[in-house]
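K.L.:
Below: sequence and its predicted model.
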Amino acid sequence: MTSDMQALLQPFLEESEPKRGLPAAAYRDVEFWIAECQSVFARNWVCIGFAHELKQAGDVVPVTVAGQPLLMVRNGSGEIKAFHNVCRHRCLTLVDKPGNVGKLIRCPYHAWAYDLNGTLRASPHFGGTGLHEAKGFDKSRNGLVPVRTHVWQDWVFVNVSGEAPQFEDYAGSLIKRLGGINWETVDSIGTLDFGEISTNWKFIMENFIEPYHVQFVHSSTTDQPLSDHYTIIDGNCMGSAVDLDEEVGTSGSLAVSSRYLALYPNFILGRYFPDQLGVYLNIPTGPGTMNQKRGLYTTGGKRLSANEIEDLKRLWWDVHKEDHEMVERLQAGRASRVSDTGGVLSPVWEDSVHAFQSLVARDLIGQRGN
Ligand code: FES
Ligand SMILES: [Fe+2]
């Protein structure tokens, strides 16, 4: 991190009442983005996919997270593994779209082939016609480069640096807040794909974990009074919650007790009592762009009709779109000099946002030891 970046972060790091947000540059500048790729997205457990999108052995899903082309693979033993999505010959990206590769991942350029565990099985004619070996070339040292992977329920996480704590410890503060869920009875009932959103990934996270905007932005889709919300700050988990006395319906508008929980840096899980979960797959793609999907789940074996599922999808599509409009305008506002010092955060409703931003700042300046 350069001294210029350090200077830009300084106002955020200084004590102030109320607290300031991160500087505009942290959302806009390529230098910050590159620094985040090397710190935030390398050192932590980053969610990169839904396990249910890799059903069969040989299913592959490429994903580029924070500049790194990665590949998820379901192997012959049913495990999901992640590798750098790069051929060891000339470093071409290997797989460019989701699909099933059968038993071998074959590079389209010179037909090197890797098995589903990443072992290099073929390097045709590398040493000359009919000669597949060459002096000094050791096939066993040229397999796909693995990435540390952990599949928690339906969600695939990677830790690119390999140095983060064990996932259960890293995510302990989130997991303990999900008590009472019988994970055996969680069913994936659909996925919404929102494609690209023109915002920095941090705005999506910040928006999710503060309850302040809900009454204004979601007035037609939700019915959760602000006064019933409280924020949650607990290690790598932060968010907000609302406890309502009465639980109302599963469609139309959202008026149920909820937990809005984020696991730093990019994982979001909403729990809607009594029997629903929603998980956001947030894939940052650049300083001002990201892709998003939402996975919808029922818990406790709850069965919904096709119509109920369609209603739920419509509701969530609308809620996300309401948020997307706001986060895109947050991003647009970062072109203004007024945003250089980050705006101000509510000490009550946005302390969770400040906690999230502090983790980012500490990762950037190298003060967050893993
Ligand atoms: S780059 Fe993959 S086989 Fe040549
Ligand atoms: Fe929202």
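P.N.:
Okay, I see it. Quick caveat: nothing in here was measured; it's all calculated off a predicted structure. Numbering: from 1, shown residues only. Ligands and ions are numbered 1, 2, ... in the order given.

K.L.:
any idea how far Gly99 is from Leu54?
P.N.:
Distance, Leu54 to Gly99, using Cβ to Cβ, to the nearest Å: 11 Å. Quick note: C-beta positions are derived from backbone N, CA and C, even for glycine.

K.L.:
Looking at those two, which has the bigger crowd around it?
P.N.:
A count of neighbours by other Cβ atoms under 10 Å puts Leu54 above the other of Leu54 and Gly99, at 23 against 12.

K.L.:
What are the phi and psi values at the more buried one?
P.N.:
The phi/psi pair for Leu54 (degrees, to the nearest 10) reads phi -120, psi 90.

K.L.:
Ignoring the adjacent residues along the chain, who's closest to it?
P.N.:
Closest residue to Leu54 apart from its sequence neighbours, by Cβ to Cβ, 6 or more residues apart in numbering: Arg74 at 4.1 Å.

K.L.:
Confirm for me that that neighbour is in contact with Asp59.
P.N.:
Yes. The criterion here is Cβ atoms under 8 Å, and Arg74 meets it with Asp59 at 4.6 Å.

K.L.:
what about the two, which has more around it?
P.N.:
More neighbours surround Arg74 than the other of Arg74 and Asp59, with 21 against 18 (other Cβ under 10 Å).

K.L.:
The more buried one pairs with what?
P.N.:
Taking DSSP bridges, one finds Ile80 as the beta-bridge partners of Arg74.

K.L.:
what sits against it?
P.N.:
54-60, 80, 116 (Cβ atoms under 8 Å, 6 or more residues apart in numbering).

K.L.:
which one of these sits closest to ligand 1?
P.N.:
Distance to ligand 1, by Cβ to the nearest ligand atom, is smallest for Val60 among the contacts of Arg74, at 15.3 Å.

K.L.:
give the contact list for Glu36.
P.N.:
When contacts are counted by Cβ under 8 Å, 6+ apart, Glu36 is found next to 66, 284, 360, 363-364.

K.L.:
try 10 Å
P.N.:
26, 42, 66-67, 200-202, 265, 284, 287, 360, 363-364 (Cβ atoms under 10 Å, 6 or more residues apart in numbering).

K.L.:
Among these, name the buried ones.
P.N.:
Listed as buried from the contacts of Glu36 are 26, 42, 66, 200-202, 265, 284, 287, 360, 363-364; burial here means 16 or more other Cβ atoms under 10 Å.

K.L.:
closest to Val353 among these?
P.N.:
Set against Val353, the nearest of those by Cβ to Cβ is Lys202 (9.4 Å).

K.L.:
before we move on, which element is the closest one in?
P.N.:
Secondary structure assignment for Lys202, by DSSP states H and E: helix 201-209.

K.L.:
Follow the chain on from that helix and name the next helix or strand.
P.N.:
Helix 201-209 is succeeded, C-terminally, by helix 214-217 (DSSP H and E).

K.L.:
what's in contact with that following helix?
P.N.:
Residues outside helix 214-217 that contact it (Cβ under 10 Å, 6+ apart) are 207, 221-227, 229, 240, 242, 254, 258, 260, 319, 322-323, 325-326, 349.

K.L.:
With only the CA atoms kept, save it in PDB.
P.N.:
What follows is helix 214-217, C-alpha atoms only, in PDB (Å, rounded to 0.1, in the frame of the first residue of the first chain):
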ATOM      1  CA  VAL A 214     -35.000  -0.300   5.000                       C
ATOM      2  CA  GLN A 215     -38.000   1.900   6.000                       C
ATOM      3  CA  PHE A 216     -37.200   4.300   3.200                       C
ATOM      4  CA  VAL A 217     -35.900   2.200   0.300                       C
END
